[in-house]
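*Asks:* Can you look at this prediction? I've put the sequence above it.
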Protein chains: 2
Amino acid sequence: EPGEYRVDIAAGWSIGGGHANGGYVLSVCLQALRNRLDRPDPLVVSAFYQRRVPIGPALIRTEPARAGRRLATGEARLLGSEPDGAAGGELVRVVASFTDLSTASGRTTVLSPAPQLPPPADCQPLYGEQAELPNGIGRRLECRVAELPGWRQGTPSGQALLECWIRFADGHPADTLALPGLTDMVIPAVFDLGEYRTTTIELTAHVRARPAPGWLAFRARTNYLIDGYHEEDVEIWDSTGQLVAQSRQLALLG
Amino acid sequence: EPGEYRVDIAAGWSIGGGHANGGYVLSVCLQALRNRLDRPDPLVVSAFYQRRVPIGPALIRTEPARAGRRLATGEARLLGSEPDGAAGGELVRVVASFTDLSTASGRTTVLSPAPQLPPPADCQPLYGEQAELPNGIGRRLECRVAELPGWRQGTPSGQALLECWIRFADGHPADTLALPGLTDMVIPAVFDLGEYRTTTIELTAHVRARPAPGWLAFRARTNYLIDGYHEEDVEIWDSTGQLVAQSRQLALLG
């Protein structure tokens, strides 16, 4: 069918338990949608995670909405795949507006600073040695911190804030298509509240610029955990000190 | 058709120029969607504003997605209305998950404070005397500030931060259905950057609790204006000092 894509959700991006990382799933959906909408850069993206996404075959149905001069908007639905190859239930729904960021022009005023981190070479791995990690999302991304967070030292700090350098472990540079997913590929900030299980309900990401090559500075923060629900705000800055993406998700503990 | 709603976009919620306020439009869409999904509280809501919404008749098409034990998700599309009553082009697309917030239970940890404002009686109207305002969104909402912001005194402060008390001018208490829209009914924070024209591309709102009656404390902030695009983060707190909603929008100047 036009606008339908058969995809394979890869085990290498697993969060364990046979399920895929939500950021990776978002990237796969955005790739299909970009192909359909024919604009290079996702500008704003909203993903509703309705069910966990199993490793294995799946189907993406895309549908364009409005295409204007500046923005093209559309929707992608990730569906499970039945053993006979038929479409299964809906797992994730993504709506996104794409644009060409190279043509963006207008005022720039930045009122909040980038994370202040020592150079990556002076930082240490967040999770331990890359080669020793189990196959899965933790091994796809290198994360380097100035100091190990409290939870990694056995005592959650009580401050739900994480700042680190990140890059793809295989050296692949992050482009604008990768940025929305990247905001959801690091350990959640609530780990430092001693909360190690949390599930994304919805994630919205804004892509603000095309990233320069090199390490990206990553900042995640949770301010409000209420009745088990919490937001997580993420910023990603490139190696030139430019903000390139922001995201906010709503998630539920447990 | 099942799940279709004929609505009248009311002139009383206009932003001028014959167009409706985006927060009001969102509220109308959520009312239709709540009716369809049969859960009381919007929990997370994403709206893509594809075209400005004219005052007058319109059509909302709703479609349920997954209904689980805790959440029910669905989509609403606001379509224009042709002179003969036929459906016109898509104006706004809303995806939302609804729940019953009265059953939410789990840990609460609040790491960031509510706005510190003098009592509403000691504050002054943000826009001037209510009765003297032109018919439109400015007259539907009472907004009271401790001090007039820079732009209201002729000198934008350069800090894109606005804190004020808000309530519906007719005394109608805000419920969870009203909260997402309320986050987009006050003057944008970028007014204090001297930017008086901005258009919402997408808005995501999280509803965190049912608000107590009374005045609501409102905080809006923009940190990053890049190439004309900017986010606006909003928080709404109720009269008991509880966070009841958060939103973030991506908007474009001009």
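*Replies:* Structure received. Residues are numbered from 1 along each chain as shown, chains lettered A, B, ... in the order given.

*Asks:* okay, now the closest residue to chain B within the stretch 51-200 of chain A: neighbour count?
*Replies:* Nearest residue of the stretch 51-200 of chain A to chain B, counting by CB to the nearest CB: residue A:106, 2.1 Å away. Glycine gets a C-beta too; all of them are placed from N, C-alpha and C. For residue A:106, the count of nearby residues is 14 (other CB atoms under 10 Å in any protein chain shown).

*Asks:* Surely it touches residue B:229?
*Replies:* Yes. Counting by CB atoms under 8 Å, residue A:106 sits close enough to residue B:229 to count as a contact (7.3 Å).

*Asks:* any residues in contact with both of those two?
*Replies:* In terms of CB atoms under 8 Å, 6 or more residues apart in numbering or on different chains, residue A:106 and residue B:229 are both contacted by the residues B:252-253.

*Asks:* sec struct for the residue positioned nearest the centre of chain A, please.
*Replies:* For chain A, residue A:181 is the residue whose C-alpha lies nearest the centre (CA atoms, centre = their mean; 2.4 Å). Of the three states, residue A:181 takes helix under DSSP: H, G, I helix; E, B strand; the rest coil.

*Asks:* Could you report the distance from it to residue B:206?
*Replies:* 21 Å (CB to CB, to the nearest Å).

*Asks:* Same question for residue A:94.
*Replies:* 18 Å.

*Asks:* Residue A:117 now?
*Replies:* 29 Å.

*Asks:* which parts of stretch A:151-166 are buried?
*Replies:* A:151-152, A:156, A:160, A:162-166 (16 or more other CB atoms under 10 Å in any protein chain shown).

*Asks:* As JSON lines, those residues with distance to chain B, secondary structure and pLDDT would be great.
*Replies:* What follows is those, written out as JSON lines (distance: CB to the nearest CB, whole Å; DSSP: H, G, I helix; E, B strand; the rest coil; pLDDT from 0 to 100):
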{"residue": "A:151", "distance to chain B": "15", "secondary structure": "helix", "pLDDT": "96"}
{"residue": "A:152", "distance to chain B": "20", "secondary structure": "helix", "pLDDT": "95"}
{"residue": "A:156", "distance to chain B": "11", "secondary structure": "coil", "pLDDT": "98"}
{"residue": "A:160", "distance to chain B": "6", "secondary structure": "coil", "pLDDT": "98"}
{"residue": "A:162", "distance to chain B": "13", "secondary structure": "strand", "pLDDT": "98"}
{"residue": "A:163", "distance to chain B": "16", "secondary structure": "strand", "pLDDT": "98"}
{"residue": "A:164", "distance to chain B": "19", "secondary structure": "strand", "pLDDT": "98"}
{"residue": "A:165", "distance to chain B": "20", "secondary structure": "strand", "pLDDT": "98"}
{"residue": "A:166", "distance to chain B": "19", "secondary structure": "strand", "pLDDT": "98"}
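
*Asks:* ok, so of those residues, who is nearest residue A:99?
*Replies:* Closest approach between the buried residues of stretch A:151-166 and residue A:99, by CB to CB: residue A:166, at 24.4 Å.

*Asks:* that's a helix at residue A:36, yeah?
*Replies:* Yes. Counting by three-state DSSP, residue A:36 is located in a helix.

*Asks:* Can you read off the pLDDT for it?
*Replies:* Looking at residue A:36, its pLDDT stands at 95.

*Asks:* With residue B:47 as the reference, measure out to it.
*Replies:* 21 Å.

*Asks:* ok, these two, which is more surrounded?
*Replies:* residue B:47 (31 against 22).

*Asks:* In the stretch 101-250 of chain A, what residue spans correspond to strands?
*Replies:* A:109-110, A:124-125, A:141-145, A:161-168, A:198-207, A:216-221, A:224-226, A:229-237, A:243-253 (DSSP state E, counting those that start in this stretch).
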